[in-house]
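In: need a structure here:
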Amino acid sequence: MELLRTTDMCVTFGGVQAVDNVDFAVDEGKIVGLIGPNGAGKTTFIDGITGFVPTTGSINFQGREISHLPAHRRSQRGLGRTWQSLELFEDLNVTENLRVAAEQQSTTGFLADLIIPQRRRSHTDVDFALDVLGIRDLARLMPTEISQGQRKLVSAARALAARPKLLCMDEPAAGLDTTESQELGRRMRRIVDAGITIFLVDHDMGLVLEVCDSIYVIEFGATIAQGTPAEVKRDPMVIAAYLGSTETPGR
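Out: Below is the predicted model:
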């Protein structure tokens, strides 16, 4: 089943077309990748989908048009994301960082917090995120006490704690070594097995080619190729614009 589709989606900054009439689709239960050179518009595309920059064209999520909705409303409908800058709360431990994301605030909840500030809350979503990513052993640690690779997993877990239908992951492998990147790929498959679809943007071609079911390639904001990993890595336009070789890229 199709979960997300953009049609003729554009993002314009002044006279610059950062995303240029991109048609894009993500099917439920898949990992779909987006690659391209630096400055191609990949992060801007995620920003547009999730409501952080204005767009034109159509964005359809779970069968409904969402391009008119603000970012928080899209999140409430199940569209989650991670960020290149992790921005964990350094004064909160891992569990507390996840609880912040898991809290679905409402008027009723706000009033309850005023009346009963110490009221008990369910930790089900936090437990779910810790278990899916296999990081329960980090639960009581502070962000300053864990490695960069672990911080990346905590960032992903924080997004998972909100129980999105689709998780947009922006450069999750940046700064990771080969072993950490491979482990991230395994954890991403666990996320999909848990019922959450993934849209992945990353420069780690080993990771992208290994975990993605399909890949889109953009250059200067426009789509130049799409297909399976095997098809994309053989595409002459992709080789010229990005890969630079007909060999499968190493990590």
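
In: From here on, just use CA atoms for contacts and neighbour counts.
Out: OK.

In: would you list every one of the helices in the stretch 1-150 of the chain?
Out: Taking DSSP state H, counting those that start in this stretch as the test, the helices found in the stretch 1-150 of the chain are 42-50, 71-76, 94-102, 107-115, 124-132, 148-160.

In: would JSON lines of these with distance to D170 be doable?
Out: Formatted as JSON lines, those follow (distance: least, Cα to Cα, whole Å):
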{"stretch": "helix 42-50", "distance to D170": "7"}
{"stretch": "helix 71-76", "distance to D170": "16"}
{"stretch": "helix 94-102", "distance to D170": "17"}
{"stretch": "helix 107-115", "distance to D170": "31"}
{"stretch": "helix 124-132", "distance to D170": "18"}
{"stretch": "helix 148-160", "distance to D170": "10"}
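
In: per-stretch mean pLDDT over these, give me the minimum one.
Out: Sorting those by mean pLDDT places helix 107-115 lowest, at a mean of 45.

In: Double-check G51 against Q76; I have them as touching.
Out: No - contact between G51 and Q76 fails when scored by Cα atoms under 8 Å: they sit 12.0 Å apart.

In: Strands of the stretch 151-251 of the chain, residue ranges please.
Out: Using DSSP state E, counting those that start in this stretch, the strands found in the stretch 151-251 of the chain span residues 166-170, 197-201, 214-219, 222-227.

In: so where's the longest helix in this protein?
Out: In the chain, with assignment by DSSP state H, the single longest helix is helix 178-193.

In: nearest spatial neighbour of P143, skipping sequence neighbours?
Out: Leaving aside its chain neighbours, P143 sits nearest to E90 (5.7 Å; criterion: Cα to Cα, 6 or more residues apart in numbering).

In: again, but for V19
Out: G221 (4.1 Å).

In: By mean pLDDT, flag the weakest helix or strand of the chain.
Out: The weakest-scoring helix or strand in the chain, judged by mean pLDDT, DSSP states H and E, is helix 107-115 (a mean of 45).

In: about what we covered before: average model confidence for the longest helix of the chain?
Out: So the average pLDDT for helix 178-193 ends up being 91.

In: then that helix to PDB, C-alphas only?
Out: Provided in PDB are the C-alpha atoms of helix 178-193 (Å, rounded to 0.1, in the frame of the first residue of the first chain):
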ATOM      1  CA  THR A 178      32.000   1.000   8.900                       C
ATOM      2  CA  THR A 179      31.000  -1.300  11.800                       C
ATOM      3  CA  GLU A 180      28.600   1.300  13.300                       C
ATOM      4  CA  SER A 181      27.100   1.900   9.900                       C
ATOM      5  CA  GLN A 182      26.500  -1.900   9.300                       C
ATOM      6  CA  GLU A 183      24.900  -2.100  12.800                       C
ATOM      7  CA  LEU A 184      22.700   0.900  11.900                       C
ATOM      8  CA  GLY A 185      21.500  -1.000   8.800                       C
ATOM      9  CA  ARG A 186      20.500  -4.000  10.900                       C
ATOM     10  CA  ARG A 187      18.600  -1.800  13.400                       C
ATOM     11  CA  MET A 188      16.800  -0.100  10.500                       C
ATOM     12  CA  ARG A 189      15.500  -3.400   9.300                       C
ATOM     13  CA  ARG A 190      14.200  -4.000  12.900                       C
ATOM     14  CA  ILE A 191      12.300  -0.700  12.700                       C
ATOM     15  CA  VAL A 192      10.600  -1.900   9.500                       C
ATOM     16  CA  ASP A 193       9.800  -5.300  11.100                       C
END
